[in-house]
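Undergrad: Turn this into a structure:
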Amino acid sequence: MKKNIWILILVVIVLLILLLLKQCGGGTVTSYFDIDDESWLVGGDVQSGNNNPDYIKDEGKSGGYISAKDDAVGGVWYWLAPPKFLGDISSAYGKKLEFSLKQSSINNQFDDADVILSNGEITLVYDTPNNPGIDWTDYMVLLEEKEWHYSTSYETAVTKEDFIKVLKNLKALKIRGEFVSGGDTGGLDNVVLYK
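TA: Got it, this is the predicted structure:
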């Protein structure tokens with residue numbers, strides 16, 4: 001009889017934990033690149049038109065990472081998140097996106113949108129306060145309207161309604177990989193999206 005009571009108590013505790021996780025949005029989506037490129041792609045003037053980054057099995061923050069080489073033809077290239085980071089991620093509102101970047105050179109730096117979120121209708125952009133160094137630089141971006149802008153107007157602050165609308169049907173999450181005017185190589189590691 002005592003064994004049945006303990007099993008019942010354990011089942012109730014597990015159910016309560018699962019319910020709390022669901023209420024909190026329940027977890028994270030991650031790419032640590034310890035085994036492969038985790039289906040990340042690159043877009044823009046990079047990798048000689050190939051959308052696949054190079055997988056480097058060591059020298060990341062804690063294992064592997066992905067890398068890409070700029071074609072230096074005048075565009076800006078980005079890391080493109082795989083499907084597991086997309087879709088309805090509205091539970092991530094008010095939480096954070098973390099990632100680590102590095103670049104091969106810090107000469108001839110230029111500014112551009114560092115993180116881009118889009119639902120196909122509305123595109124939001126975020127500028128980090130600094131570009132990455134030649135060693136790993138960690139970033140934390142808050143997923144709420146403060147400090148985000150519409151891609152069409154940097155002067156117009158994003159509304160909470162539009163931010164949630166984008167997160168509810170996220171079709172693109174892009175992280176800038178190019179920071180130098182001219183040829184360079186960029187690296188990405190430890191991407192974590194809290195939901």
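
Undergrad: Now do the end-to-end distance for stretch 33-41.
TA: One end of stretch 33-41 sits 13 Å from the other (C-alpha to C-alpha, to the nearest Å).

Undergrad: you'd agree Pro53 is up against Tyr78?
TA: No. Pro53 lies out of contact with Tyr78 (C-beta atoms under 8 Å); the separation is 11.1 Å. All C-beta atoms are positioned from the backbone trio N, CA, C, and that covers glycine.

Undergrad: who touches both of those two?
TA: Val42 (C-beta atoms under 8 Å, 6 or more residues apart in numbering).

Undergrad: Next up, the contacts around Asp36.
TA: Asp36 makes contact with 55, 64 under the criterion C-beta under 8 Å, 6+ apart.

Undergrad: For Gly64, see how far away it is.
TA: Per C-beta to C-beta, to the nearest Å, Asp36 is found 8 Å from Gly64.

Undergrad: Mind listing what's buried along the helix or strand hosting Lys165?
TA: When elements are assigned from DSSP states H and E, Lys165 belongs to helix 160-168. Across helix 160-168, burial judged by 16 or more other C-beta atoms under 10 Å covers 162-163, 166-167.

Undergrad: which one among these gets closest to Gly27?
TA: Leu167 (15.6 Å; C-beta to C-beta).

Undergrad: So what's the residue count around the closest residue to that closest one other than its chain neighbours?
TA: Setting aside the residues directly before and after it, Leu167 is nearest to Ser90 in space (C-beta to C-beta, 6 or more residues apart in numbering), at 4.6 Å. By other C-beta atoms under 10 Å, the residues close to Ser90 number 17.

Undergrad: same check, this time on Leu142
TA: For Leu142, the count of nearby residues is 14 (other C-beta under 10 Å).

Undergrad: is it true that it touches Lys96?
TA: Yes. The criterion here is C-beta under 8 Å, and Leu142 meets it with Lys96 at 5.5 Å.

Undergrad: which residues of this protein fall in strands?
TA: Along the chain, counting by DSSP state E, strands occupy 28-31, 41-43, 54-56, 65-69, 78-80, 96-103, 115-118, 123-126, 137-142, 148-150, 153-157, 172-176, 185-194.
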